[in-house]
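[1] have a look at this prediction, sequence included:
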Amino acid sequence: MISTNITPDQRSGIGRWSEQDFLDRVYLYREYVERGSPKVGAENFTVMPWLSYASVEPADLKAIYAYLRTRKPVYQMINPHPAPLP
């Protein structure tokens, strides 16, 4: 499985993201956790487990962000919405 590049690479990862950008992106899915996820078709498929992280406490997400910032940046462009396997 391929996931979005979450290394601190400036071009293909989250290197340009502030801590708040990171929290905002993850919490975009908080409402889906509370109300239920809409049906996802091929056009909205994502390999990132957003729903799994959307209910994580802010302090824990901040710790995850801090850890990710310590990792080696890796340039790897990823298609975050690949076509599902047949």
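    Now that the structure is in, tell me what you want to look at.
[2] which helix in this structure runs the most residues?
    When the chain is parsed with DSSP state H, its longest helix is helix 58-70.
[3] buried stuff in it?
    Neighbour-count burial for helix 58-70 flags 61, 65, 68 (criterion: 16 or more other Cβ atoms under 10 Å). Placement of C-beta: from N, CA and C, glycine included.
[4] residues making contact with it?
    Contacts to helix 58-70, defined as Cβ atoms under 8 Å, 6 or more residues apart in numbering, come from residues 6-8, 14, 19, 22-23, 26, 53, 56.
[5] list the contacts of Y75.
    9, 11-13.
[6] quick one, grab the pLDDT at it.
    Looking at Y75, its pLDDT is 94.
[7] is it in a helix, a strand, or coil?
    Following DSSP: H, G, I helix; E, B strand; the rest coil, the label given to Y75 is coil.
[8] please report how far it lies from E19.
    22 Å (Cβ to Cβ, to the nearest Å).
[9] how about T7?
    Computed as Cβ to Cβ, the T7 to E19 distance reads 16 Å.
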